[in-house]
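Novice: Model the structure of this input:
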Amino acid sequence: MRKWSLLVLLLTSLFVLSACGDKAEEASSGSKENAGEKKKEEKPKEWPYSFQFTDKAFEFPSSLKEAEEITQGKWWEKVEDGELKDSDKEKIVEAIAKIDKRDESEEIRAENIKRLFFETFHPELPGLATFEPREKISLEELNTGSGLKLNGQEVKENINVAIILDASGSMKAKQDGKSQMEIAKESINEFVSNLPEKTKVSLTIYGHEGSSSDADKAKSCKSIKEIYPLKSYSEDEFNKALSGVDPKGWTPIAASLTQAGKTLQGLNSENNTNVIYLVSDGEETCDGDPAKVAKELAQSNIKPIINVIGFAVGADQRDQLEEIAEHANGRYIQADNQQDLEEEFQKSNDAIGKWIDWHNQHIGAAIDQDNEDSGDLIDLDNKTMGRLIDFDNMVTGLLIDADNKHDLDPDVYDLVNEAIDDFYNKMSDDADEHYNTKKEMIDNAYNEAKEKIDETYDKNTD
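Specialist: Numbering: from 1, shown residues only. Now for the predicted structure:
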């Protein structure tokens with residue numbers, strides 16, 4: 001009886017050990033399989049083999065803005081950097097053929113090929129649709145107390161200043177040990193030397209021949225000479241011309257104004273600002289009508305700004321000089337001494353220089369903004385169109401290659417090809433519309449800024 005008990009005990013032990021071994025082996029085998037599966041799952045499929053075929057419809061983006069918001073395709077950087085290999089292209093061709101051979105409708109196969117193309121090669125678009133040009137530049141408000149009359153005309157970049165200097169005998173009169181002629185020369189020299197760099201200057205004198213006697217009247221009244229022809233300022237040449245002037249005779253103001261008009265002839269007011277400064281210590285003595293001549297000049301195509309400086313002029317002579325300025329819508333300035341004369345020239349110089357600088361600075365800023373925004377817009381447009389063209393060429397070429405190598409279903413081919421063409425044309429049209437709209441915004445911002453600049457400028461030079 002004990003023998004049978006021992007035998008049963010041994011058999012039971014063997015069975016348990018055997019079962020435990022099987023379970024351990026099974027567990028070990030299961031662990032290996034799970035580890036293999038986990039390792040396999042951790043390694044993703046290489047594109048395009050990881051492309052997931054679906055039965056859902058696919059549409060390319062319907063607007064450029066929508067296309068810009070979508071993440072670039074998996075291989076777009078390869079295309080952009082020129083690193084797409086022939087082997088990469090071949091993988092896409094094989095993927096197209098594999099999709100085409102599926103037992104699905106032509107529409108579903110076509111949808112998947114389109115999606116394959118888009119998810120692989122959709123370009124990174126730079127943001128033409130979302131680009132916002134700047135508004136017009138803000139303007140600082142400037143005020144000038146110069147009081148310089150510019151007849152409401154806009155001072156153009158081309159400035160021509162014709163100076164008429166009285167060299168009649170009365171300019172020999174002295175103030176503080178200097179003749180009025182010496183004072184006028186010094187003041188005029190200082191004035192022209194400080195004019196804006198591109199300014200052209202001329203100097204005409206009258207009454208520098210003969211004498212103040214009746215016998216010399218005819219000769220003196222004809223003595224009108226442009227001693228420095230209209231050109232850029234040259235200190236040496238201008239000083240040399242001015243230094244030889246001696247006051248002698250009569251006062252032909254009307255004829256000298258006519259001569260200054262001839263100097264400025266052809267320099268129309270559209271592109272030029274023409275200014276005449278008449279410096280005289282007396283009235284017309286050669287039977288001319290200077291007020292009439294001034295009015296005719298003001299109405300001519302050169303539209304000169306005529307300012308009359310009465311230097312140490314008495315009350316009797318002042319009336320006629322004021323009338324000259326009035327008939328030309330100019331300004332009469334009374335200068336009783338050298339300080340007055342220099343101050344007036346300085347005011348004129350400051351006003352012209354200040355407002356030309358202000359005008360040019362702000363117009364320059366508006367032009368810079370216009371150029372920068374236009375440049376940015378052109379760059380965005382070029383990049384957008386270039387990348388869309390690259391996309392179109394790439395996917396069309398691959399579709400043709402797949403058809404040549406694998407004889408695609410003609411209906412599938414046509415559906416995909418037509419969709420690619422439609423997408424490119426729609427994006428191209430949308431890009432053109434964005435470009436034109438934003439270019440108009442940039443131009444309007446510039447024009448509005450320029451209009452405001454000119455308005456402020458005219459207000460302060462009127």
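Novice: And for the helix or strand containing Glu66, what's in contact with it?
Specialist: Assessed by DSSP states H and E, Glu66 sits inside helix 64-69. Residues outside helix 64-69 that contact it (Cβ atoms under 8 Å, 6 or more residues apart in numbering) are 60-61, 122, 125-130, 384, 427, 430-431, 434. Any C-beta I mention is one placed from the backbone N, CA and C, and that applies to glycine too.
Novice: buried subset of the residues you listed?
Specialist: 60-61, 122, 125-126, 128-129, 384, 427, 430-431, 434 (16 or more other Cβ atoms under 10 Å).
Novice: Would you mind putting those residues into TSV with distance to Ala335 and pLDDT alongside?
Specialist: What follows is the buried ones among the contacts of helix 64-69, written out as TSV (distance: Cβ to Cβ, whole Å; pLDDT from 0 to 100):
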residue	distance to Ala335	pLDDT
Phe60	79	96
Pro61	75	96
His122	77	97
Leu125	68	96
Pro126	63	94
Leu128	62	96
Ala129	64	94
Thr384	65	97
Met427	71	97
Asp430	67	97
Ala431	65	97
His434	61	96
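Novice: can you list those in a markdown table and add secondary structure and distance to Val192?
Specialist: Output for these, formatted as a markdown table (DSSP: H, G, I helix; E, B strand; the rest coil; distance: Cβ to Cβ, whole Å):
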| residue | secondary structure | distance to Val192 |
| --- | --- | --- |
| Phe60 | coil | 69 |
| Pro61 | coil | 66 |
| His122 | coil | 67 |
| Leu125 | coil | 58 |
| Pro126 | coil | 53 |
| Leu128 | coil | 52 |
| Ala129 | coil | 56 |
| Thr384 | helix | 55 |
| Met427 | helix | 61 |
| Asp430 | helix | 59 |
| Ala431 | helix | 55 |
| His434 | helix | 53 |
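Novice: Among those residues, pick out the one closest to Tyr206, please.
Specialist: His434 (64.8 Å; Cβ to Cβ).
Novice: Against which helices or strands is the helix or strand encompassing Asp373 packed?
Specialist: Asp373 is part of helix 338-406, with elements assigned from DSSP H and E. In terms of contacts (3 or more Cβ pairs under 8 Å, 6 or more residues apart in numbering; DSSP states H and E), helix 338-406 is packed against helix 76-80, helix 86-100, helix 106-121, helix 180-193, strand 272-280, strand 305-311, strand 331-335, helix 410-461.
Novice: Those: lowest mean pLDDT?
Specialist: Of all the helices and strands packed on helix 338-406, mean pLDDT reaches its minimum on strand 331-335 (a mean of 84).
Novice: how far does that one sit from the chain's center?
Specialist: 42 Å (Cα atoms, centre = their mean, to the nearest Å).
Novice: Please name the strands paired to that strand in the sheet, noting orientation.
Specialist: Counting by DSSP bridges, the strands paired with strand 331-335 are strand 305-311 (parallel).
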